[in-house]
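Colleague: coords please:
(4 chains)
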2 protein chains.
Amino acid sequence: MAERFRGESTHKVDAKGRVSIPAAYRRVLEAGDPDWTTGLFPTLILVYHNKGRKFIEGYTVEAMDDLEARIETLTLGSRRRRYMEHAFSTQSLQVQIDPTGRLVLSQSIRDKFGITSEAVFAATGTTFQIWEPAAHAKHAAHMEDWVDENDWTDDGKDNFDPLVLLNMPPASVSTGE
Amino acid sequence: MAERFRGESTHKVDAKGRVSIPAAYRRVLEAGDPDWTTGLFPTLILVYHNKGRKFIEGYTVEAMDDLEARIETLTLGSRRRRYMEHAFSTQSLQVQIDPTGRLVLSQSIRDKFGITSEAVFAATGTTFQIWEPAAHAKHAAHMEDWVDENDWTDDGKDNFDPLVLLNMPPASVSTGE
DNA sequence: TTGCATCCCATAAAATACCATGTGATACAG
DNA sequence: CTGTATCACATGGTATTTTATGGGATGCAA
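Modeller: Here you go, the predicted structure:
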C-alpha cells in the first residue's frame, strides 16, 4: 500500500506565491516519485480545474500515472474522455518542490482560488487539497451540516460516529448517458 | 485474527506533549505494522476528528489499511465518501513510537481534546482511545447510566449482565440520501 | 525596465534524537 | 527460597535537526 497523505495545516503564502508544503506530505511525495532519491526534490502534479470545487488538488507522480491510466480506458474521442483530459491534463501542471520544501503558486492560480496570504492544506489519502482558508472553513461546515441534518442511528444526533456511514448500501449515481 | 488492544491506564503528558504508550499496546502495534521487525519502532495512525466523540483514536497500520479499503468501496465523489476522507484522512496523522515507547501529541491536538498533564488510554479491541481524564470519567459514567435506565431482562436491574446486549437485533439506520 | 521566476542565504520556533534516572518486575545464583 | 543482578517501563532533561518563513540578488523575457 502506497503511503498516504494525512492531516491538515495552514501555511503562509508570500508575495511571490511561495508556500511551504507540510513536512508530512513531503515524505509521501518523495515515496510517490519514482525518480526521487535522497538529496533530490520530489516532483508533484497540481490539478487546478475548478468545476464544482474550490481547491487545487495535489497528486504524487505515481497517483497521477494511475489516474491517467484510468482515463485512457475511456473510449478515445468520447466526450467523457475529452472532458477528463481537459480537466486533468490541460488544467494541471507539474512542479518540483524547492530546496526549502516550498512550491510556487502563480498569480493566476492564486487569483482563480482567491488565495492571498494564507492557504489551507487538507489531506484526503491519495491526494491533498490547497484551499483559500475561508472557503475551506465553509466547506468543512457544509459537511458537518449534512451530517447533522440526518438521523443516522438510534443513538441520537449527538452520538454520531462517521463509521456508521460504512454500514449502508452505496447510493446510486446516474451515468449521464 | 489480529492481536487486540486490552486494558486501560493513565499516563503523564509532559510539556512537549510526550506520552508513554502502555507497554501492552506496543506489542499490538508491532504486530499490526507490516514493516516492523525487532529493533524497529512501530508506526501507528491517530484519528482526531471529534464529531460526536471526545477522544483521539489509535489504529494499527493494518487496521487503518482495512478501514481505508472499506472507504474506497464508497462511490468516488459521493458525500459519504468525502465525509469519510475528511474524518479519517484529513483529521488524522501518522506517527512513530520513539525509542522509549512514547508518542508526541502536538499542542493543537492537546488543545482540541483538553489534554494537559495526563491522558487516559482505553483499549477497544481493534483500536484504542486517548482521553482527557475527566472526559473519560464522564463518558464511563454515562455508559453506566444508559444501562441503568433500561430494563434489560426479567431478572431485575441489579442483575444486569452486559452479555444480554448480544441477544438483540441490530438497530436500523437511515441512508441519509 | 519592469514584472516574474529562480536561486541563495538567514533565522526563530518547533519537532526529533539522544542521554539519564528511579522503580518495579523478573531471572538467576547460591 | 532469598538476596542480588538484570531488565523493562515510565518519565525527565538537553542537544540537534527540521520546519516554516523571510529577504536579497540574479537571470530573463515581455
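Colleague: drop to CA atoms for contacts and neighbour counts, all remaining ones
Modeller: OK.
Colleague: So which bits of chain A are right by DNA strand C?
Modeller: Residues of chain A lying near DNA strand C by Cα under 7 Å from any atom of the strand: A:16, A:98, A:100, A:104, A:106-107.
Colleague: Buried among those? Need that as a selection in PyMOL.
Modeller: Restricted to buried positions by 16 or more other Cα atoms under 10 Å in any protein chain shown, the PyMOL selection for those reads:
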select buried, chain A and resi 98+104
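Colleague: Out of the residues of chain A next to DNA strand C, which sit inside helices?
Modeller: Taking DSSP state H as the definition of helices, the residues of chain A next to DNA strand C contribute A:Q107.
Colleague: mind putting the residues of chain A next to DNA strand C in a markdown table, distance to B:E8 and pLDDT included?
Modeller: A markdown table is the format used below for the residues of chain A next to DNA strand C (distance: Cα to Cα, whole Å; pLDDT from 0 to 100):
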| residue | distance to B:E8 | pLDDT |
| --- | --- | --- |
| A:K16 | 51 | 94 |
| A:D98 | 45 | 93 |
| A:T100 | 42 | 93 |
| A:V104 | 47 | 95 |
| A:S106 | 51 | 93 |
| A:Q107 | 53 | 92 |
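Colleague: JSON lines please, covering the residues of chain A next to DNA strand C and showing distance to B:E57.
Modeller: Shown next, in JSON lines, are the residues of chain A next to DNA strand C (distance: Cα to Cα, whole Å):
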{"residue": "A:K16", "distance to B:E57": "39"}
{"residue": "A:D98", "distance to B:E57": "35"}
{"residue": "A:T100", "distance to B:E57": "33"}
{"residue": "A:V104", "distance to B:E57": "35"}
{"residue": "A:S106", "distance to B:E57": "39"}
{"residue": "A:Q107", "distance to B:E57": "40"}
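Colleague: Nearest to A:F121, out of the residues of chain A next to DNA strand C: which one, please.
Modeller: Taking Cα to Cα as the measure, A:F121 sits nearest to A:V104 out of those, at 14.2 Å.
Colleague: excluding its backbone neighbours, what's nearest that closest one?
Modeller: Nearest non-adjacent residue to A:V104, counting by Cα to Cα, 6 or more residues apart in numbering or on different chains: A:R18, 4.4 Å away.
Colleague: same question, A:R80
Modeller: A:L74 (7.4 Å).
Colleague: Ok, A:R110 next?
Modeller: A:T116 (6.8 Å).
Colleague: In this structure that neighbour contacts A:I109, no?
Modeller: No: with contact defined as Cα atoms under 8 Å, A:T116 does not count as touching A:I109 (10.5 Å).
Colleague: Quick check: the farthest pair among the residues of chain A next to DNA strand C?
Modeller: Across the residues of chain A next to DNA strand C, the longest distance by Cα to Cα is 20.4 Å; it joins A:T100 and A:Q107.
Colleague: max-length helix in chain A?
Modeller: Longest helix in chain A, counting by DSSP H: helix A:133-148.
Colleague: How far does that helix sit from its chain's centre?
Modeller: Offset of helix A:133-148 from its chain centre (Cα atoms, centre = their mean, to the nearest Å): 16 Å.
Colleague: Let me know whether that helix sits next to DNA strand D.
Modeller: No: Helix A:133-148 stays out of contact with DNA strand D when judged by Cα under 7 Å from any atom of the strand, the minimum separation being 12.9 Å.
Colleague: By neighbour count, which bits of that helix are buried? Give me those.
Modeller: Going by neighbour count (16+ other Cα under 10 Å), the buried part of helix A:133-148 is A:133, A:135-136, A:147.
Colleague: ditto for stretch A:23-34
Modeller: For stretch A:23-34, using 16+ other Cα under 10 Å, the buried residues are A:24-26, A:28-33.
Colleague: what about that stretch, near chain B?
Modeller: No: counting by Cα under 8 Å from any Cα of the partner chain, chain B has no neighbours in stretch A:23-34; the shortest distance is 8.6 Å.
Colleague: right, is that stretch up against DNA strand D?
Modeller: Yes: between stretch A:23-34 and DNA strand D, judged by Cα under 7 Å from any atom of the strand, the touching residues are A:23-24.
Colleague: neighbouring contacts of that stretch?
Modeller: Residues outside stretch A:23-34 that contact it (Cα atoms under 8 Å, 6 or more residues apart in numbering or on different chains): A:2-6, A:36-37, A:41-44, A:60-63, A:101.
Colleague: related to what we said a few turns ago, spit out the contact partners of the residue nearest to A:R110.
Modeller: Taking Cα under 8 Å, 6+ apart, one finds A:13, A:110, A:132 in contact with A:T116.
Colleague: quick one, phi/psi of it?
Modeller: Per-residue torsions, A:T116: phi -120, psi -90 (degrees, to the nearest 10).
Colleague: Any figure for the gap between it and A:G101?
Modeller: 19 Å (Cα to Cα, to the nearest Å).
Colleague: dump the residue contacts of the nearest residue to A:F55 once chain neighbours are set aside.
Modeller: Closest residue to A:F55 apart from its sequence neighbours, by Cα to Cα, 6+ apart: A:W131 at 4.9 Å. Shown in contact with A:W131 (Cα under 8 Å, 6+ apart): A:54-56, A:113, A:115, A:119-122.
Colleague: Many thanks, have a good one.
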